[in-house]
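>>> Build the 3D model from these lines:
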Amino acid sequence: MAVTKICLNRGCKKPETSKRGGVVCQCEKPLWRYQVSVTDPKSGKRIRYTYKTKKEAVAQEAKLVSLKAEKRDFLEVKPGYTTTFNELVEKYESFKRDDVKRFDDNIKKPLGRAKDHFNDLLLAAISSYELSEFMAKFKKDFEQEYNRKPSRSTINKQVHVLSNLFTMSVEWGMLDKSPFEQMKNGRKRTLRVKEQNREVFLTPEEANKLLEEAPDHLREIIIVALNTGMRRGEILGLRWDRISRSWIYLKETKTDDQRQVPINEDVARVLKVIKARQMKEGTFEKSGRVFLFDGKPLSSIKTAWYATCRRAGIKCRFHDLRHTFASWYLKKRKNIPALQKLLGHKEITMTMRYAHFIEDDLLEEVEAMSGMVNANLLPTHC
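Coordinates of the predicted model:
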């Protein structure tokens, strides 16, 4: 049993002993750690403890010598020193794949980047410094691959997945403390980037321009989105058996809560036309889905959407149609609690971000109260 100085860089050759008795490494930036290894007398497995400083390693060595002298049959091993990053990712993927919608888009890529970097590194060897190094390398590699800097949302998504990964590792007993917890608040903020407000609210003129440039199948989807505030996935996955009279009944939503969406005259007209067309083509009972293209259920409208936006000269995302619905509704009805139900927000705070659309109207309504009090009783000077 002895303290060994090692380099944890991936692909690093075993450090050699110099003529003076020191340890040298061929890496440009060696990631030095001190390691103590011992054989567990109970399981016969080789256990390695890795530390940043030699002082910590020597202290652990003394503890192990004492335990061995007392002929203990169990050596306490911290989980972070026996679990690799790859093992954590494997468990995390199996846990999240069924739990998170759109796993491939939101989690798979960020996890893959981190897995390629940390690989079989022990969890205990990943500190806040290694996380910062990884994020710097991620930004550099992204720029070289795509010839542009990563967007703010891409950076934040990468940080969020890593943060959640290590949080779950603590919950599962694989690690005592997340490396994100080692960071001070200021350093945490340097990993995440403040995103700009990207919400776009279309005017009726812009919406009509978009409808004019859209192909038939996309025009019908846009009309439904502008009149219901439904999300893209909710619209594309809409089935005829979820529509009854003047209501759309949504079972699968982002918040996992069922929601009822009222159907106005514009949406009813669109659905009537689609149903008649599908009955004529013989696809109504065959697919069960409302929105089809060439007789098959639509799974993506990305290409058609951005082509339409270019022709219309409007820069916006499909999700901005949901924001537009909210703004139009408040200008007409000024009922925030009702809008919360229509959009399916769990918390009213999510809906309150649209409140500025009715601020001027509220000021006018309060101003209407002027004159109710006798003017002679109002103060005339300070």
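
>>> CA atoms of stretch 336-343 as PDB?
Backbone C-alpha positions of stretch 336-343 (Å, rounded to 0.1, in the frame of the first residue of the first chain) are rendered in PDB as follows:
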ATOM      1  CA  ILE A 336     -55.900  36.200 -17.100                       C
ATOM      2  CA  PRO A 337     -57.300  33.200 -15.100                       C
ATOM      3  CA  ALA A 338     -59.300  32.100 -18.100                       C
ATOM      4  CA  LEU A 339     -56.200  32.400 -20.300                       C
ATOM      5  CA  GLN A 340     -54.300  30.200 -17.800                       C
ATOM      6  CA  LYS A 341     -56.800  27.400 -18.300                       C
ATOM      7  CA  LEU A 342     -56.800  27.800 -22.100                       C
ATOM      8  CA  LEU A 343     -53.000  27.500 -22.200                       C
END
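
>>> Show me how far it is from its chain's centre.
Relative to its parent chain, stretch 336-343 has a centroid offset of 24 Å by CA atoms, centre = their mean, to the nearest Å.

>>> try stretch 306-326
Its chain's C-alpha centre and that of stretch 306-326 lie 22 Å apart, by CA atoms, centre = their mean.

>>> buried residues in it?
308-309, 312, 314, 316, 318, 320-326 (16 or more other CB atoms under 10 Å). Placement of C-beta: from N, CA and C, glycine included.

>>> Name the nearest of those relative to residue 199.
The shortest approach to residue 199 among the buried residues of stretch 306-326 belongs to residue 323, at 5.0 Å (CB to CB).

>>> In contact with the closest one, which residues are there?
For residue 323, the contacting residues are 199, 200, 201, 354, taking CB atoms under 8 Å, 6 or more residues apart in numbering as the criterion.

>>> Out of the buried residues of stretch 306-326, list just those in helices.
Using DSSP state H, 308, 309, 312, 320, 321, 322, 323, 324, 325, 326 are the members of the buried residues of stretch 306-326 that sit in helices.

>>> about what we covered before: kindly indicate which of the buried residues of stretch 306-326 lies nearest residue 233.
Within the set of those, residue 318 lies nearest residue 233; the separation is 10.3 Å, counting by CB to CB.

>>> related to what we said a few turns ago, CSV for the buried residues of stretch 306-326, including pLDDT and distance to residue 248?
Converted to CSV, the buried residues of stretch 306-326 look like this (pLDDT from 0 to 100; distance: CB to CB, whole Å):
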residue, pLDDT, distance to residue 248
308, 97, 24
309, 96, 26
312, 96, 27
314, 94, 27
316, 92, 24
318, 95, 18
320, 94, 21
321, 96, 16
322, 95, 15
323, 94, 20
324, 95, 19
325, 95, 14
326, 94, 17
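
>>> Need these in a markdown table (columns: distance to residue 289).
Shown next, in a markdown table, are the buried residues of stretch 306-326 (distance: CB to CB, whole Å):
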| residue | distance to residue 289 |
| --- | --- |
| 308 | 21 |
| 309 | 25 |
| 312 | 27 |
| 314 | 28 |
| 316 | 26 |
| 318 | 18 |
| 320 | 24 |
| 321 | 20 |
| 322 | 21 |
| 323 | 26 |
| 324 | 25 |
| 325 | 22 |
| 326 | 26 |
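
>>> close enough to count as contact, residue 355 and residue 337?
No. Between residue 355 and residue 337 no contact is recorded; they are 11.6 Å apart, counting by CB atoms under 8 Å.

>>> Which one of those two is surrounded by more residues?
When residue 355 and residue 337 are compared on other CB atoms under 10 Å, the one with more neighbours turns out to be residue 355, at 13 against 9.

>>> what's the residue nearest to that one when sequence neighbours are not counted in contact with, if anything?
Among residues not flanking residue 355 along the chain, residue 336 sits closest, at 6.4 Å (CB to CB, 6 or more residues apart in numbering). Contacts of residue 336 were listed using CB under 8 Å, 6+ apart, and they are 330, 348, 351, 352, 354, 355, 358.

>>> ok, then the element right after whatever helix or strand residue 280 lives in?
Under the assignment given by DSSP states H and E, the secondary-structure element containing residue 280 is helix 265-281. Downstream of helix 265-281, the next assigned helix or strand under DSSP H and E is helix 284-287.
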